[in-house]
Structure formats: structure tokens, C-alpha cells
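Peer 1: Just the structure for this:
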Amino acid sequence: MIQDISPSRLINAYNDQQPQNGDSILLFDDEGKALLGSENGQIVFLDISDLNDARTVYLFSIDEKRFFLSLGNPVKDKDGFEYHSIRDVRDRFADASKVEVYAVFTAYHLWKWYSDNKYCGKCRTALSLGTKERSLVCPACGNTVYPRINPAVIVGVKNGERLLLTKYRRGYNHNALVAGFTEIGETLEETVMREVMEETGLKVKNIRYYKSQPWGMAQDILMGFYCDVDGDDNIRMDESELKYAEWVKRDDIVLQPNNLSLTNEMMQMFKDGNVL
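Peer 2: From the prediction side, this is the model:
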């Protein structure tokens, strides 16, 4: 999965520090596209010397490599660099540049938060960067804003030797599993039951946790569950959200084109007979 970068390690403790030559700079445009170079299929990042405006904020480190987010104006012209959507980064670089793809996804999560929180929600004053922790602080009223993380579930619904596969009506065009966000006041298990019912009209039982995954593309923390269909297995698909929902035998499961997602790993586990 995207976070499986061993032996490298993400160090996400916040530090109020400035970039130096050799540190990696992430710059996103208004649409959330990252300005990146490439060399032999590997992602190449900007350096502090490439920036017109040196305003940055520290993001994280991977091993000894430090990453910063540019808060200023676009860079000077730089040959070989172009803007890539997060989906393009996933599709183009996943195999050859996994650590760097993880860095871009995680940086995007933080860029989205900084981009969406420029003014105080209480008094409308421009927010300032926190210096002691990852936060945005209102200098007028003291309101403090922390990074947003959306809890969501991925659900592998089993029916004997078959797994429930879906495809979204819009966006990603490969096989997926039932998924959805946790709502206020419900447990993760209740989210599983509600999302499966809303998307496919099925009741489920024997809900059991599998694994979690950060997913910066949507600012999510994904939590994977397997469960069993309970009773009637006739699918009543929500056609406004899905264009496909079917029971698929193990050997017939077509996986996603890369191994970055929790969804793909869960489908792979079932396909290989590791989930009974």
C-alpha cells in the first residue's frame, strides 16, 4: 500500500524550521496539481533555489530527507518540470518512485488543509502558522485550527466464494469495494452497515477489522473491514453513485493497476484465498 515504504520511515512530528539547499519543496497550483520533474521514471522535487518567494512551511521528513510546502508565488521557469494531478502521480510514478509518491500524497493532504483554512471561522481574521505544533492560529481571537482527517471505511462484503465488487459512477474507473465516510454519532461498524445498505441494499453480519491506511488524495484515514452478507443477497444498487455492483468469484476478480490502495490489497487477499 502507499504507506508501505520500509525500510524508509515517515517522521511527521512538526518542527518550525526553514529549508536549506537539498531539501525538497512541494508546490501546488490552485487546482491541487503538484509541480514535479522526472528522471528515469523517478519523481524529482523542487529545491529552495527554484522559488521566487521563499515563504514555506515544514511538512515532514522521510528518513533524513526534509520536505517543505511552498506558500508563495510560482517558481521561476524550470525545464523538465510540469504540473501533475494527484491521480496522475499515482498512475505514472507508482511503480518506480513509491517513496516519492507517498510524499506527494501526504504533502497534498496538508496543502489542502492550509489552502482551505486561510481565515478564522470565528472572527474572519487571517490565520497565522502555529510555531509549536501543526496548527493555524488566529492572532485576534486565539482560535486554533488543526489538520482535518476524514474517517472512512472500505468494506469487503463476502458471499461464500464471491466478493462484492463495485465501480463508481464518476471518477476512478477500476474495480473497488463499498466505501464511505463515517458520520457523526455512529461507530465504524455502523458505518459499514449503513454504507453497504445505502450502496447495494444488502444487510451484513460478522463485521471484522482488517487494516487502516492514510489516503492523502481525499484527506482520509481509511479503515478496512470484511463482513458477510446477511440473508438475501440480491443487490439493489444505488445508481446515482455506482455504475456496477456484482458478486464476483475469487478467480474472476480483476485488480486495480497498481498496489497502492487498501481497496486493492483487500481484493487481492480475497482473490488469493487468504480471507475465507
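Peer 1: From here on, just use CA atoms for contacts and neighbour counts.
Peer 2: Will do.
Peer 1: Before we move on, what's the pLDDT of residue 226?
Peer 2: According to the predicted model, the pLDDT of residue 226 comes to 98.
Peer 1: which stretches of the stretch 1-150 of the chain form strands?
Peer 2: Taking DSSP state E, counting those that start in this stretch as the criterion, the stretch 1-150 of the chain contains strands spanning 10-11, 24-26, 34-39, 42-44, 56-62, 65-70, 81-84, 128-129, 136-137, 144-145, 150-159.
Peer 1: Do me a favour and average the pLDDT over the last one.
Peer 2: Across strand 150-159, the average pLDDT comes to 98.
Peer 1: which one's the longest strand in this protein?
Peer 2: For the chain, the strand that runs over the most residues, judged by DSSP state E, is strand 204-215.
Peer 1: picking up where we left off before, I'd like the strands of the stretch 1-150 of the chain written out as JSON lines, with mean neighbour count and distance to residue 183 added.
Peer 2: Output for the strands of the stretch 1-150 of the chain, formatted as JSON lines (neighbours: other CA atoms under 10 Å; distance: least, CA to CA, whole Å):
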{"stretch": "strand 10-11", "mean neighbour count": "16", "distance to residue 183": "29"}
{"stretch": "strand 24-26", "mean neighbour count": "23", "distance to residue 183": "32"}
{"stretch": "strand 34-39", "mean neighbour count": "18", "distance to residue 183": "31"}
{"stretch": "strand 42-44", "mean neighbour count": "19", "distance to residue 183": "37"}
{"stretch": "strand 56-62", "mean neighbour count": "20", "distance to residue 183": "29"}
{"stretch": "strand 65-70", "mean neighbour count": "20", "distance to residue 183": "31"}
{"stretch": "strand 81-84", "mean neighbour count": "16", "distance to residue 183": "32"}
{"stretch": "strand 128-129", "mean neighbour count": "16", "distance to residue 183": "29"}
{"stretch": "strand 136-137", "mean neighbour count": "22", "distance to residue 183": "25"}
{"stretch": "strand 144-145", "mean neighbour count": "18", "distance to residue 183": "20"}
{"stretch": "strand 150-159", "mean neighbour count": "23", "distance to residue 183": "9"}
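Peer 1: Could you dump the ones you listed into CSV with distance to residue 226 added?
Peer 2: What follows is those, written out as CSV (distance: least, CA to CA, whole Å):
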stretch, distance to residue 226
strand 10-11, 28
strand 24-26, 36
strand 34-39, 35
strand 42-44, 35
strand 56-62, 32
strand 65-70, 36
strand 81-84, 34
strand 128-129, 41
strand 136-137, 38
strand 144-145, 34
strand 150-159, 5
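Peer 1: returning to that earlier point: helices or strands next to the longest strand of the chain in the packing?
Peer 2: If you count contacts as 3 or more CA pairs under 8 Å, 6 or more residues apart in numbering; DSSP states H and E, strand 204-215 packs onto helix 188-200, strand 220-229, helix 262-271.
Peer 1: give me that answer again for 6 Å
Peer 2: With contacts taken as 3 or more CA pairs under 6 Å, 6 or more residues apart in numbering; DSSP states H and E, strand 204-215 sits against strand 220-229.
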